[in-house]
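# With the input below, show me the fold.
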Amino acid sequence: MSLLVFSIRNSFRKKTVAALAVLGVAFGCALVTFLFSVTVGMERRAESTFNNLSGQITITQKGSMFGGLFQGVGSSSIPESYIDIIKDVPHVKNVAGQCTAILRPAGATLVAPLFGYETSGTGANKFPSQNIIEGAAPVNDDEIVIGKSLWEYLAATGISYEIGGAYTFEVPGGASEARILKVTGIYRTGNELQDGSAVATERLVRDIGHLQPGRLSAISAQASSMEYIEEAVQEIERRLERRTPGVQVVVPRELLLPLKNILHILEQFFAAISLAAVAAGSLLIMVVMLLSVIERQCEFGILKALGWTPYNIAFMVMVESITLSIIGAVIGVALGYGGLTAVKSYLSIDIGTLGLTVVAMVVACGALAGMAGGVYPAWRANRATPAEVMRGV
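Numbering: from 1, shown residues only. Presented below is the predicted three-dimensional model:
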C-alpha cells in the first residue's frame, strides 16, 4: 500500500476528529459559496445591463425625472418630428420614439415605468416578443406584461401576479385613477432598468400618460460605435438646441456609473467576509488536527522506530488535513447551494448564480485551508522521537 493511500485511509481512523474537521471547513465553505454566488449573480446582472446600454442615447424634454434614465417617465412630451432630425445625425442608428407612463401596483409603495410598443408592423418600436419568458405579448389595450425584476420584487413584498389574471393598478397624479389590467406574461431583456418595468400597447400608454398624437415621451437612438458616442451626443444637442421644447441628451450608461461603484464596494465587502470564512475554516482544522497530533505522539514515535522518516510523517499529516478539507469543501458547496436555493425560493428573487467557476474556487479554498491548517501540526508531528515516547510511557 502506498503512503498516499495509507494517509487518506488513516484520515478517517478517528471518526470524531475527522467529523469536527470536515464540519468546520464545510460551514466556512458554505458561507463562501453563498457569498460568491450572490456576488457573481449581481456582477452578471450589472454587466448585462451595462452592455445593453452601451452606445444608447436617450433624448427627453429638459428637466425630465431621473435625468431621462427612464425615457421620459414623469416628464412632458417632445414632438415626434425630432426623430427625423436625429436620424440624419452621423454615427446614429435605430432611432425610435418611446411612449412612457407610470403605474403603481395596488398595495405596493413603488411606482413602475410603463413602456408602450407597437403591436404590429416592423418599426423600430415594435414589441420585442423574443424577450417573453412566460405567457404572451400584450395585444389588447387592457393588457400588460411585467418585467422579470419587477415581478420578483413584487413577489418578495407579498404581491403575486399570475399570468392571465386581472389586477388593479393605480395611475399616480393629481386625480389618481385606477385601471384593471390583465397580466399576459413576464419578459426579461437583461437590462435591469427595463426588467424593473412593465410593457403595454402604445395606445394604452398614451391613454394612461395623456400623451397626445404626434408627441413622444422620449426618443432613443444607438451610436454606431462607442468611439463616436460623444460626437453623436454633441451633434444631436447642436441640432436641437434652438428647438422648443428644449431637450436633454443623456447616455444612461454614464448615469449608472455611481451605482456600479457602489456595487464594486459591495463585492469587496462580500470578498472580505469570504476571506474571513476561509480563515475561520483554516483555523478550525488547524486546531482539530493539532489536538489530533498531540494525542498521536506515541503513534508517531512508534512509526519512527519502525523506520518512518520525518518526511513520511509530515506527508501523512498534510494528506489527512487536505483530504478532510476537500470533503468539507464539497459538503460546504452543497450546503451553500441549498441555502442559496432556499433564499431564492423564499424571496422569489434570482439573487445569485452558482457556476463551475464558483465551485472550483470554493473547493480550491477548502484545499488551501487544509494545507494551511496542516502545516503546523505536520511540523509538530516531526518532533516526536522514539526516546520521548518511551520516557512518556
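
# how about Thr100, phi and psi?
Dihedral pair for Thr100: phi -140, psi 160, per degrees, to the nearest 10.

# Now it: closest residue in space, sequence neighbours ignored.
Ser217 (4.1 Å; C-beta to C-beta, 6 or more residues apart in numbering). For glycine as for every other residue, the C-beta is placed from the backbone atoms N, C-alpha and C.

# what separates that neighbour from Ala198, distance-wise?
Ser217 sits 14 Å away from Ala198 when distances are taken as C-beta to C-beta, to the nearest Å.

# Those two - which one has more neighbours?
Ser217 (29 against 24; other C-beta atoms under 10 Å).

# if I look at Ser197, how far off is Val145?
10 Å.

# cool, Asn261 as well?
With C-beta to C-beta as the criterion, Asn261 and Val145 are 32 Å apart.

# Comparing the two, which shows the higher neighbour count?
Val145 (27 against 10).

# How is the more buried one assigned, secondary-structure-wise?
When classified by DSSP: H, G, I helix; E, B strand; the rest coil, Val145 comes out as strand.

# who's it bridged to?
Gly185, Val199 (DSSP bridges).

# Could you check the pLDDT of it?
For Val145, the pLDDT comes out at 94.

# Pull the contacting residues for it.
Val145 makes contacts with Ile132, Gly135, Ala137, Pro138, Val183, Thr184, Gly185, Ile186, Tyr187, Ala198, Val199, Ala200, as judged by C-beta atoms under 8 Å, 6 or more residues apart in numbering.

# and which of those is nearest Ala232?
Minimum distance to Ala232 across these is 26.8 Å, recorded for Val199 (C-beta to C-beta).

# Does the residue nearest to Thr100 touch Glu80 like I think?
No - using C-beta atoms under 8 Å, Ser217 is not in contact with Glu80, being 10.8 Å away.

# tell me which element the residue nearest the centre of the chain is part of?
In the chain, the centroid-proximal residue (C-alpha atoms, centre = their mean) is Met42; its distance is 2.0 Å. Using DSSP states H and E, Met42 sits within helix 15-53.

# which parts of that helix are buried?
Across helix 15-53, burial judged by 16 or more other C-beta atoms under 10 Å covers 17-18, 20-42, 45-46, 48-50, 52-53.

# so what secondary structure elements neighbour that helix?
Helices and strands touching helix 15-53, by 3 or more C-beta pairs under 8 Å, 6 or more residues apart in numbering; DSSP states H and E, are helix 192-195, helix 252-255, helix 257-295, helix 310-347, helix 356-381.

# per-residue confidence averaged over whichever helix or strand comes after that helix?
Note on helix 15-53: by DSSP H and E, the next helix or strand toward the C-terminus is strand 56-61. Mean pLDDT, computed over strand 56-61, is 85.

# ok, back up a step: of the contacts of Val145, which is the most crowded?
Using other C-beta under 10 Å as the neighbour criterion, Ala200 leads the contacts of Val145 with 29 neighbours.

# Can you read off the pLDDT for that one?
Ala200 is given a pLDDT of 92.
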